[in-house]
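*Asks:* model this:
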Amino acid sequence: MTTEARVVIVPQEVGLPLEVVDLELRDPASHEVIIKQYASGICHSQLHTIHNPRNAPQILGHESTGEVVALGEAVTDLAIGDTVMVTWVPKNLDTARRQGEMMQIALPDGQRAVSLNVFTWATHTIADEMFVVKVPESVDHESCCIIGCAVITGAGAVMHTAKVAPGDSVVVFGAGGVGLSAIAAAAHLGANPIIVVDLSDEKLEFAKKFGATHGINASKVDPVEEIKKLTIDTEKFDLLRQPLAGVDYAFDCIGHSVTMKQISEVVRAGEFGQSQGGTAVLVGVPQSPIELDSRHMFIGERAYVCSLGGSCEPEVDLPRFIEWHNEGILDLDELVTQRYRIDDINQAVADLETGAIAGRAILVFE
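*Replies:* Numbering: from 1, shown residues only. Predicted structure coming up:
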């Protein structure tokens with residue numbers, strides 16, 4: 001029995017508006033489930049797909065909340081009626097059944113729209129159970145939909161990739177949904193100071209609600225120099241006998257060439273013979289290669305690492321971050337600043353592109 005759905009489609013031709021198409025989802029295969037969705041996050045990384053050339057229509061979205069309404073005969077850990085979250089990070093690494101494969105749905109005009117692993121910009125979605133996690137029925141249906149990408153990516157990078165500890169100094173480039181999640185995690189873990197860099201004074205002020213102690217507007221000052229001024233330690237010295245300056249951990253939650261390079265420049269050097277240097281963590285999806293100053297990195301024993309999906313385990317971390325929300329550690333009601341209907345998806349994308357969204361935007365399905 002097929003399932004009626006309304007799905008956002010990105011046409012194959014770049015530059016055309018997104019379309020909302022009424023269609024029928026096929027029956028779930030053996031390990032698949034069909035989910036009636038409550039809400040889905042609108043992730044900035046989806047803009048890369050929208051603006052880049054493609055060989056077929058695309059279906060987007062990779063974080064949501066919903067309810068299981070149908071399932072394949074081989075599904076083992078989900079049942080009809082379960083409240084669930086959809087995420088793009090697989091919860092089961094023991095099987096490569098669908099990991100890295102394309103999800104395809106048939107369109108009314110005969111074309112097939114595709115996406116990697118999952119799609120959530122739809123009233124109903126079909127997904128392998130590998131990407132679906134059962135959560136408490138009491139979960140906030142709307143605000144918590146962003147846990148499956150924004151929260152695990154930002155907070156996970158701080159908690160798992162970098163393993164930030166109490167007293168560590170942190171800077172986060174980008175005060176969007178991912179960056180704010182990183183800031184909240186750093187604050188919860190006891191980091192100090194927590195510096196945020198953005199191009200908007202309003203976003204910098206907003207970030208303080210999540211634990212940022214200092215804000216730097218990169219459109220007005222050189223953020224590298226400002227961060228060094230805030231963090232100079234005249235009692236410790238590097239190999240060249242220069243006072244240490246910079247943070248223990250720098251997170252780029254944007255992925256632009258400028259910010260990817262800047263995080264390498266703002267992590268401190270190690271105290272020669274006593275400690276290693278700081279770590280730059282790339283969190284945002286990179287869109288271009290960069291060149292790093294290898295001597296700068298080598299002399300200071302600095303490190304540059306990447307964090308994909310916050311190094312998270314969905315079955316462990318999604319419930320963890322639900323508890324963070326319930327306990328006020330990460331206020332997702334505050335973080336979700338705009339809500340749109342599925343028919344307003346083009347306005348939502350336009351607002352995302354122009355920086356009109358302070359935190360995270362979501363689609364809410366009626």
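
*Asks:* Within its local environment, how many residues does Arg320 see?
*Replies:* Other residues within reach of Arg320, judged by other Cβ atoms under 10 Å, total 18. For every residue, glycine as well, the C-beta is placed using N, CA and C.

*Asks:* typo on my end, Glu13
*Replies:* By the criterion of other Cβ under 10 Å, Glu13 has 9 neighbours.

*Asks:* Ile299 too?
*Replies:* Neighbours of Ile299 under the rule other Cβ under 10 Å: 17.

*Asks:* Tell me where the stretch 101-250 of the chain has helices.
*Replies:* Ranges of helices within the stretch 101-250 of the chain are 150-156, 177-188, 201-207, 223-231, based on DSSP state H, counting those that start in this stretch.

*Asks:* Check which helices and strands the second one is in contact with.
*Replies:* Looking back up the chat, that one is helix 177-188. Packing partners of helix 177-188 (3 or more Cβ pairs under 8 Å, 6 or more residues apart in numbering; DSSP states H and E): helix 150-156, strand 170-173, strand 194-198, helix 201-207, helix 332-335.

*Asks:* Make TSV from the helices of the stretch 101-250 of the chain and add distance to Cys43, mean neighbour count and mean pLDDT to it.
*Replies:* What follows is these, written out as TSV (distance: least, Cβ to Cβ, whole Å; neighbours: other Cβ atoms under 10 Å; pLDDT from 0 to 100):
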stretch	distance to Cys43	mean neighbour count	mean pLDDT
helix 150-156	7	30	97
helix 177-188	8	30	97
helix 201-207	17	18	96
helix 223-231	24	19	97
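
*Asks:* Give the full set of residues in contact with Glu271.
*Replies:* Neighbour list for Glu271: Lys236, Phe237, Asp238, Leu244 [criterion: Cβ atoms under 8 Å, 6 or more residues apart in numbering].

*Asks:* Distance-wise, check it relative to Gln338.
*Replies:* Applying Cβ to Cβ, to the nearest Å, the value for Glu271 to Gln338 is 45 Å.

*Asks:* out of the contacts of Glu271, who's nearest Ile105?
*Replies:* Of all the contacts of Glu271, Ile105 sits closest to Leu244, with 54.0 Å by Cβ to Cβ.

*Asks:* partners of the closest one in the sheet?
*Replies:* For Leu244, the beta-bridge partners are Asp233 (DSSP bridges).

*Asks:* returning to what we had before: want to try JSON lines for the helices and strands packed on helix 177-188, with distance to Leu18 as columns?
*Replies:* Formatted as JSON lines, the helices and strands packed on helix 177-188 follow (distance: least, Cβ to Cβ, whole Å):
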{"stretch": "helix 150-156", "distance to Leu18": "20"}
{"stretch": "strand 170-173", "distance to Leu18": "28"}
{"stretch": "strand 194-198", "distance to Leu18": "27"}
{"stretch": "helix 201-207", "distance to Leu18": "25"}
{"stretch": "helix 332-335", "distance to Leu18": "24"}
